[in-house]
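Asker: have a look at this prediction, sequence included:
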Amino acid sequence: MNDYTGAHPHTLAGGGDYITHHGDRPVGFEMVAASQILDSRGYPTVQVTLTLTDGDTVEASAPAGASTGEHEAVEVRDGGHAFSGRGVRRAVANVDEEIAPLLTAHGWTSLRDLDAAVRQLDGTDSLSRLGANAVIAVSMAATRAFAHAANVPLHRYLAHLSGAEERLPVPHFNVINGGAHAPGGLPFQEFMIAPVGAANEEHALQMGAEIYHALAGLVRSRFGMAGLGDEGGFAPPIDDPEQALDLLMEAITAAGYTPGLDQVAIAMDPAANGFAVDGGYRISSRIMNSEQLADYYTGLVNSYPIRSIEDGFAENDHPGWALLFERLADKIQLVGDDLYVTDPARIRDGAEHHYSNAALIKPNQIGTVTDTLAAISAAREADMACMVSHRSGETLDTFIADLAVGTGVGQIKSGAPARGERLAKYNRLAQIEATNAHLSFGLR
Ligand code: 2PG
Ligand code: MG
C-alpha cells in the first residue's frame, strides 16, 4: 500500500490532478462532533462531522451488521431499556470527549497516522473501548477530509492510497433475503444477481432493477404477499435454496435476459454461521455434515450459473472451507466474510491454508479505513479477489461506492436495487461513471 510519506509526488490516474508533497500540507480540524442517528433498521448508529480549518465540513456514518463474525471489531452500545440496549450515546460521547481533543490537537499529515493514533488512544485490538462504531465513522470522515484537502473526489483519493487502478464494479443485487435478514425458513441469507455482461454501470443498474421488478411479479403471483428482508430483497415463504435459485432464473428470463456466467450470473451468501447446528448444517429438513454440504454446493454450481459463494461454511469450520476450496476454487469464487472479518492477518492465513480465493471487504469489521486498505492489499498479494460490501444495517453514506471504485476490486454488493440506503451506493456508482467516462466497468 502506498502512503504519503514517500519523497516523490504521486500522480493520480485519470485526471490532470496531482497530490504532491502531501506530507507538507497537513489537514487540520477545527471541530469534531458526533451524533446518534437511526439506521435502516431503526436502530441507533454513530454519525461524525469533521469541520476542517478552512471551514468546510465532511461527514460519515457507521453501518451495522446483523450476522456478525465472532472476530469483528466491537461496537460500543449503551445497554439498558432504550432501543433494546442498542443506543450509541456512549460511543458518541467517546468521539466528543476523547477522539475530538486528539484530532484537533494538531494537523495530520496522513490518514495512516490519524487512524494509528485513534487506535492507540483506544488501546484494544478490537476497538472495544471507544467503539468500532465510533472509530470507523471518524476514519471514514477523515478519509473524506484528506480527499477534500487534496482537492480530488473520494474514489480518486482512495485509488491513490491503495495504489490501484480505478474501476467501476459489477453490482451484486441481493434480491431474495433469508437467514438472519428475513423472517421465514430460508436458511441461506442472500441470493444475488450479478449483471456481469452489462456494458457499463448504468446498464448494470437497469438490468438489476428490471430483474427485481420481474421477480416482484413472480413472487406476488405465486405467493400473494411477500415481505422484504433487511437489504430490500423479497422474503417469500420458501425454505429450500433451490426454490430461490429457480425464482432467480425465471425472473432473469422474464426480464428478457439470459441467465449465465457471461450475462446475468448468480451469487449466494449462505452465511453458514446462521444454519450451523450441532453435528452439521440444517438445510430445510436435512442436517448435513461438511462433506454433504460441499456436495450440495457442488450440485448447485453444476445446475445454476453461480459465480460466487460467500461463507459457505461456518467461520470456525476450517476443514469445511478447505474441502470446498478443493472442490470448487478452480470453478467459482469462494468468499470469506465472517471467516476473515476484513482482517489482513486472517486473510493471509486463509490464503496460506487455501480456505478461499476471495475476501469480503467491510470497513466496519476491522474498524479503520487504513486497515481496510491493508486487507485489500493482503488479498491482492495472495492473488485473492475482493468484493466490497455494505452491512445489513445501513445509512445514506455512500463511502463503499468510492471504496470499490478506488481500490479497483471490480465487484460490490449493496443489497437490492430498492430502498434508499441501498440505492444511495448504486446511484453514487452511476454518478462516478457519468463524471469519469474513461473508467472501465466489470470484474477484474
Ligand atoms: C453479510 C452482511 C451484508 P451483515 O453477511 O455479508 O450483506 O450481512 O451486515 O448482517 O453481517
Ligand atoms: Mg456475508
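Answerer: Arrived safely. Ligands and ions are numbered 1, 2, ... in the order given.

Asker: could you work out the end-to-end span of stretch 32-47 for me?
Answerer: Stretch 32-47 has an end-to-end distance of 11 Å (C-alpha to C-alpha, to the nearest Å).

Asker: ok now that stretch, how far from the chain's centre?
Answerer: 18 Å (C-alpha atoms, centre = their mean, to the nearest Å).

Asker: pull the residues that contact that stretch.
Answerer: 48-51, 59-64, 66, 83, 86-89, 91-92, 95-96, 99-100, 103-104, 131, 133-134, 137-138, 230, 392-395, 419, 421 (C-beta atoms under 8 Å, 6 or more residues apart in numbering). Heads up, the C-betas are built off the backbone N, CA and C, glycines and all.

Asker: where is the longest helix in this structure?
Answerer: helix 201-223 (DSSP state H).

Asker: could you give the mean pLDDT of it?
Answerer: Average pLDDT, helix 201-223: 97.

Asker: one more: stretch 385-404?
Answerer: For stretch 385-404, mean pLDDT is 98.

Asker: same question for stretch 110-123.
Answerer: 98.

Asker: which bits of the stretch 301-444 of the chain sit near ligand 2?
Answerer: Neighbours of ligand 2 within the stretch 301-444 of the chain, by C-beta under 5 Å from the ion: 310, 311, 337.

Asker: for the longest helix of the chain, the distance to its chain's centre please.
Answerer: On C-alpha atoms, centre = their mean, the centre of helix 201-223 falls 22 Å from that of its chain.

Asker: hmm, who's touching it?
Answerer: 168, 170-171, 173, 175-176, 193, 195, 198, 226, 234, 236-237, 247-248, 250-252, 254-257, 264, 416-418, 426-427, 429-430, 432-434, 441.

Asker: as CSV, could you dump the C-alpha coordinates of it?
Answerer: The C-alpha coordinates for helix 201-223 follow below in CSV (Å, rounded to 0.1, in the frame of the first residue of the first chain):
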residue,chain,number,x,y,z
GLU,A,201,-22.6,0.6,-14.6
GLU,A,202,-25.7,2.4,-15.7
HIS,A,203,-26.7,-0.6,-17.8
ALA,A,204,-26.0,-3.0,-14.9
LEU,A,205,-28.3,-0.9,-12.7
GLN,A,206,-31.0,-1.0,-15.3
MET,A,207,-30.7,-4.8,-15.7
GLY,A,208,-30.8,-5.3,-11.9
ALA,A,209,-33.9,-3.1,-11.5
GLU,A,210,-35.7,-4.8,-14.4
ILE,A,211,-35.0,-8.3,-13.0
TYR,A,212,-36.0,-7.1,-9.5
HIS,A,213,-39.4,-5.9,-10.9
ALA,A,214,-39.9,-9.2,-12.8
LEU,A,215,-39.1,-11.1,-9.6
ALA,A,216,-41.7,-8.9,-7.7
GLY,A,217,-44.3,-10.0,-10.3
LEU,A,218,-43.4,-13.7,-9.9
VAL,A,219,-43.4,-13.6,-6.1
ARG,A,220,-46.7,-11.8,-6.0
SER,A,221,-48.5,-14.1,-8.4
ARG,A,222,-47.1,-17.2,-6.7
PHE,A,223,-47.3,-16.3,-3.0
